[in-house]
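Colleague: coordinates for the following, if possible.
(4 chains)
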2 protein chains.
Amino acid sequence: MARPSTGLRERILDSALRRFVRHGFRGASLADIASDTGCSKASLLYHFSNKEAILAELLLPISREVTALDARLGGLEGREAAEAAVAGFVDLTLRFRRELKLLFDNLGDLDSISELHDEFEDVDALKRRLVDAMAGRSEEPLDRVAATMTLGGMLLTGTADHLSFDDETLREALTTGALRALGRTRG
Amino acid sequence: MARPSTGLRERILDSALRRFVRHGFRGASLADIASDTGCSKASLLYHFSNKEAILAELLLPISREVTALDARLGGLEGREAAEAAVAGFVDLTLRFRRELKLLFDNLGDLDSISELHDEFEDVDALKRRLVDAMAGRSEEPLDRVAATMTLGGMLLTGTADHLSFDDETLREALTTGALRALGRTRG
DNA sequence: CCGGTTCCTGTCCGAACGGTCAGCTTGCAC
DNA sequence: GTGCAAGCTGACCGTTCGGACAGGAACCGG
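Modeller: Below is the predicted model of the structure:
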């Protein structure tokens, strides 16, 4: 179970990510993560000041990427916004499959985690802006629902164990499906 | 907060559903639900044998409906299967918005809840069959990804607070979006 | 050989959890 | 009035959780 050769800290993050995604932040206990890693619970808390710090470190990279994507989309309108949002989100989905699910599945818990407040202040508002861009700034129900569907689909697709396709196939399928749902067939 | 006029049991279920959806089954405590309902924690456990029994009762109606839908789709193939799956799932989404999210968000916890085993034995397999039908029994990556996207979109849409459309508008938008994503434009 | 730092752990603790139980109140049948 | 069942509760219990802490082992510069 334990592979003492690699850094313990990295192995802790790896176990924690797996446990968090599977059982949720609250559902995964430090004892679980410790036994999965092959070290003691006290050892976790030597490397990380507390449980939230582990989550914060797992979400740090993707939080930066999501924020950057949000900023990039800020100046775009209509079709440009929609296509850029889809492309950007597909990219994030592929690069951070599990982290993305972790982020959005635990939205409710996040605002009680002070350490993450510096990174993204309001994840819910961020989500709304992403949906807004994906809908091409349209207020039409169909566009907004399609955008929400697309976002939800990405999250589910990223961690669906029954979708064992390689990255490029998945990217192609996600992009095509999203643009279709949004009524913006490619070309 | 408390409305003593209505039956306490119904109010408990109502509070529990809200709390479970917002914080997850594990994340919502009996004390939370009790204070939300306006009664004591002991009172909850007078009406329900334990915490899981509350969840079981909340999920009972939708579990029947999902199982029925699954059975109905069993004999269909191709385009028929896909369209029936979309129509059926859109219907479920509209009728059980929060319950549907509750069901799929807590898949991991469900198999440790013995009381629900009689209703649906393997929720994960059920989900896979639904995706299979929605993909029109196709093995193509695009179809399967689109089906997964559609399913994920329904779940997110059902509880998205920023989609305040009436039922018929939402039904139309969900159906159209799903069929588009699946490459089966209506007609 | 020695003092210090780094890494790691066993053990303990308070808080929060789900759940139990004796007992209180109310209402109703007789 | 009396007995009894239903509805409800405060107080309590065992377990599990996140976290604190003192100390051991290994390494290293002097």
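Colleague: host element of residue A:11?
Modeller: Element membership for residue A:11, per DSSP states H and E: helix A:8-27.
Colleague: quick one, that helix and helix B:8-27 angle?
Modeller: Counting by axes from the mean of the first three to the mean of the last three C-alpha atoms, to 10 degrees, helix A:8-27 lies at 180 degrees to helix B:8-27.
Colleague: which of the residues in helix A:8-27 are buried?
Modeller: The neighbour-count check on helix A:8-27 (16 or more other C-beta atoms under 10 Å in any protein chain shown) flags A:8, A:11-13, A:15-17, A:19-21, A:23-25, A:27 as buried. Where you see a C-beta, it was placed from the backbone N, CA and C, and this is true even at glycine.
Colleague: which of those residues lies closest to residue B:73?
Modeller: Nearest to residue B:73 out of those is residue A:21 (C-beta to C-beta; 28.9 Å).
Colleague: residue numbers of chain A in contact with DNA strand D?
Modeller: Residues of chain A that fall close to DNA strand D, judged by C-beta under 7 Å from any atom of the strand: A:28, A:29, A:30, A:31, A:32, A:41, A:42, A:45, A:49, A:50, A:51, A:52.
Colleague: buried sites along whichever strand or helix holds residue A:59?
Modeller: Element membership for residue A:59 (DSSP H and E) is helix A:51-73. Under the neighbour-count criterion of 16+ other C-beta under 10 Å, helix A:51-73 has A:51-59, A:62-63, A:65-66, A:69-70, A:73 buried.
Colleague: what's the closest of the residues you listed to DNA strand C?
Modeller: Checking these against DNA strand C with C-beta to the nearest atom of the strand, the nearest one is residue A:51 at 12.0 Å.
Colleague: rewinding a little: the buried residues of helix A:8-27 also near chain B: which ones?
Modeller: Near chain B, judged by C-beta under 8 Å from any C-beta of the partner chain, the entries from the buried residues of helix A:8-27 are A:23, A:24, A:27.
Colleague: now the helices for chain A?
Modeller: A:8-27, A:30-37, A:41-47, A:51-73, A:78-95, A:97-105, A:107-110, A:123-134, A:141-159, A:167-181 (DSSP state H).
Colleague: average model confidence for stretch A:151-160?
Modeller: Averaging pLDDT along stretch A:151-160 gives 83.
Colleague: near chain B, anything from it?
Modeller: Yes - counting by C-beta under 8 Å from any C-beta, chain B is contacted by stretch A:151-160 at A:151, A:152, A:153, A:154, A:155, A:156, A:157, A:160.
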